[in-house]
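Visitor: curious how this folds, go ahead:
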Amino acid sequence: TDVMTLVDGNVGIGTSAPDARVKIVGDDTASGITLRLDGGGSQTQRGIVFAVGGADYGFINIPVGGGGAMSFGAGPSGAATERMRIDSAGNVGIGTTSPDSLLEVSGADESQIKVTGTSGVEAVLRASASTVTIGSNTAHNLYLRTSNSARMTITAAGSVGIGTTSPTDGKLHVNGGTSG
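Guide: Okay, the predicted model is just below:
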């Protein structure tokens, strides 16, 4: 069995017929395949850089002294910059290099998380300089839920229902009694 093969400028590890610049083929043993990048010395970073014509378009990086963080970068015209980081606690930051919660999204003027269903329904959570928005970019109802049940509904037409998912034509429909 060939350990390493060089064919027409392609390198094969575990294969005698590499069909890419570098191709690694493993067997079915429990050890599987591991690609290990292990640097030492005074480097400031260790990782993989994706470049075209010598210009960096993306990277996966482990900063030296980064405390176990891993960063991911991308950018146009060879100007790759960090876009996402996973810190040693497992926190993910998009637009920030120091996330302090499980997921933190940060933008210059406005940050938005959008979830789109296969039917095209869009739910958004947006923060800007002076407002916070929770809602839908599409004409669908918004439900506030507890214990897996809808407790308040805001319809696409703007009617509000408390204790009902089908508020009547009025702007506010409260189903049930009040206490106090």
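
Visitor: give me the buried positions along the helix-or-strand element of the chain with minimal mean pLDDT.
Guide: The helix or strand of the chain with the poorest confidence is strand 45-52; it has a mean of 80 (mean pLDDT, DSSP states H and E). Of the residues in strand 45-52, Gly47 count as buried by neighbour count, 16 or more other Cβ atoms under 10 Å. Every residue, glycine included, has its C-beta placed from N, CA and C.

Visitor: alpha carbons only: can I get it in PDB?
Guide: Taking Å, rounded to 0.1, in the frame of the first residue of the first chain, the C-alpha atoms of strand 45-52 are listed here in PDB:
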ATOM      1  CA  GLN A  45      -1.600  32.300  14.400                       C
ATOM      2  CA  ARG A  46      -2.000  28.800  13.200                       C
ATOM      3  CA  GLY A  47      -4.600  27.600  10.700                       C
ATOM      4  CA  ILE A  48      -5.700  27.200   7.200                       C
ATOM      5  CA  VAL A  49      -5.800  30.100   4.700                       C
ATOM      6  CA  PHE A  50      -7.900  30.000   1.500                       C
ATOM      7  CA  ALA A  51      -6.200  32.100  -1.100                       C
ATOM      8  CA  VAL A  52      -6.500  32.900  -4.800                       C
END
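
Visitor: contact partners of the following helix or strand past that strand?
Guide: On the C-terminal side of strand 45-52, the nearest following helix or strand under DSSP states H and E is strand 55-63. Strand 55-63 has contacts (Cβ atoms under 8 Å, 6 or more residues apart in numbering) with 44-51, 69-80, 82.

Visitor: mean confidence for strand 55-63?
Guide: Mean per-residue pLDDT for strand 55-63: 86.

Visitor: what residues sit buried inside it?
Guide: Buried residues in strand 55-63, counted by 16+ other Cβ under 10 Å: Asp56, Tyr57, Phe59, Asn61, Pro63.

Visitor: Thr5 versus the last one, what's the distance?
Guide: What that stands for is Pro63. 35 Å (Cβ to Cβ, to the nearest Å).

Visitor: show me which pair in the buried residues of strand 55-63 is furthest apart.
Guide: Tyr57 and Pro63 (19.1 Å; Cβ to Cβ).

Visitor: that older thread, now the angle from the least confident helix or strand of the chain to strand 55-63?
Guide: Interaxial angle, strand 45-52 versus strand 55-63 (axes from the mean of the first three to the mean of the last three Cα atoms, to 10 degrees): 160 degrees.
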